[in-house]
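> quick check, what structure comes out for this input:
(one chain, ligands or ions: 2)
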Amino acid sequence: MRLNWILLPLALSVAAMGALAEDDPQRGGEIYTTCAACHGAQAEGNRSLNAPRLTHLAPVYIVAQLQKFKAGARGGSGASESARQMAAIAATLADDQAMYDTAAYIATLKGGVSVATVEADPELGASYYRQFCAACHGPAAEGNPALNSPRLAGADDWYLLAQLQAFRGGSRGSHPQDRTGKQMRAMAGVLPDDAAVAAVVSYIHGLGQ
Ligand code: HEC
Ligand code: HEC
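Numbers count the residues shown, from 1 in each chain. Ligands and ions are numbered 1, 2, ... in the order given. The predicted model follows:
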């Protein structure tokens, strides 16, 4: 009995140390050298490789996506060539801590502002956005972690377009274990046509400027 009272504080402090384990951006920086080949030294993205900028994303979303890529819930069978490439890289990450560390490093980078490449009617896009998207992604596309909804402001327009088309075509968000992807897939389907998709993308891109 006495022994337990002596050991209890020790057990508690060990538990506290575990809970306080901090993400290590320096270790993340070492891991990120692999990522930089495609996403760029400042995570500014590289369109010719279909690799998006990452700097606008919250670390929690980056980790969630890396976990999905590693588990095959994103980038598995039926996915695009780009997503499968990314899944192969995520599979090389040792564990969740490696993902948290890399995300913490990405948060220190400055990818700059992305230039507009999609020409469409942002006014039309605004009305679609308010009607169908703002409830989850926020009025300024700032994201809502409580709804697992990522920030969209600051993303490349070509990447937003490609992902919306991937959701609509079912190459993203179809895996049975991709719960959040399935939610988004249903929402991408409410946009009536390609012109509406381009319009909403053009509006979102403007929010990030
Ligand atoms: C071989 C090139 C390549 C490398 C190396 C690579 N990526 Fe990617 N990454 C991609 C491509 C291409 C996509 C887009 C996938 C898609 O279209 O669904 C992507 C997507 C992502 C996404 C999803 C972003 C979003 O908003 O959906 C994250 C997060 C990510 N990569 C992080 C990383 C990290 C961290 C590393 C290093 C451990 C890394 N990537 C290495 C090519 C690469
Ligand atoms: C019910 C909530 C909800 C609504 C409404 C919604 N989304 Fe999403 N969206 C999500 C979630 C959750 C994700 C993350 C999916 C994942 O984890 O793969 C997401 C992801 C995305 C992505 C991928 C971003 C990235 O970097 O990977 C885009 C683009 C997107 N949404 C655009 C839209 C647009 C445009 C609309 C309106 C037509 C919309 N969303 C409406 C919940 C929603």
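> which residues touch the residue nearest to residue 51 when sequence neighbours are not counted?
Nearest non-adjacent residue to residue 51, counting by C-beta to C-beta, 6 or more residues apart in numbering: residue 38, 3.9 Å away. For the C-beta atoms, the positions are set from N, CA and C on the backbone; glycine is no exception. Listed by C-beta atoms under 8 Å, 6 or more residues apart in numbering, the contact partners of residue 38 are 46, 49, 51, 89.
> now, which of those lie close to ligand 1?
Among the contacts of residue 38, proximity to ligand 1 is found for 49, 51, 89 (C-beta under 6 Å from any ligand atom).
> just the buried subset of these, please.
Among the ones next to ligand 1 among the contacts of residue 38, those classed as buried by 16 or more other C-beta atoms under 10 Å are 51, 89.
> and the spatially closest residue to residue 45 that is not a sequence neighbour, what pLDDT?
Once flanking residues are discounted, residue 45 sits nearest to residue 53: 3.5 Å by C-beta to C-beta, 6+ apart. With respect to pLDDT, residue 53 scores 97.
> tell me if stretch 36-43 is near ligand 2.
No: residues of stretch 36-43 are not located near ligand 2 by C-beta under 6 Å from any ligand atom, the shortest gap being 12.6 Å.
> and that stretch, C-alpha only, in CSV?
C-alpha atoms of stretch 36-43 as CSV (Å, rounded to 0.1, in the frame of the first residue of the first chain):
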residue,chain,number,x,y,z
ALA,A,36,10.3,19.7,-50.8
ALA,A,37,11.2,17.8,-54.0
CYS,A,38,7.5,18.1,-55.0
HIS,A,39,5.9,20.7,-52.8
GLY,A,40,8.8,23.2,-52.9
ALA,A,41,11.3,24.5,-50.3
GLN,A,42,8.7,26.9,-48.9
ALA,A,43,5.7,24.5,-49.5
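> got TSV for the ones next to ligand 1 among the contacts of residue 38, with distance to ligand 2 and secondary structure too?
Below are those laid out as TSV (distance: C-beta to the nearest ligand atom, whole Å; DSSP: H, G, I helix; E, B strand; the rest coil):
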residue	distance to ligand 2	secondary structure
49	16	helix
51	12	strand
89	16	helix
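> return the closest of the ones next to ligand 1 among the contacts of residue 38 with respect to residue 140.
residue 51 (25.4 Å; C-beta to C-beta).
> pretty sure the closest one contacts residue 45?
Yes: using C-beta atoms under 8 Å, residue 51 is in contact with residue 45, at 5.8 Å.
> identify the contacts common to the two.
Joint contacts of residue 51 and residue 45 (C-beta under 8 Å, 6+ apart) are residue 39.
> host element of the nearest residue to residue 125 once chain neighbours are set aside?
Spatial nearest neighbour of residue 125, excluding adjacent residues (C-beta to C-beta, 6+ apart): residue 203 at 3.1 Å. Element membership for residue 203 (DSSP states H and E) is helix 194-207.
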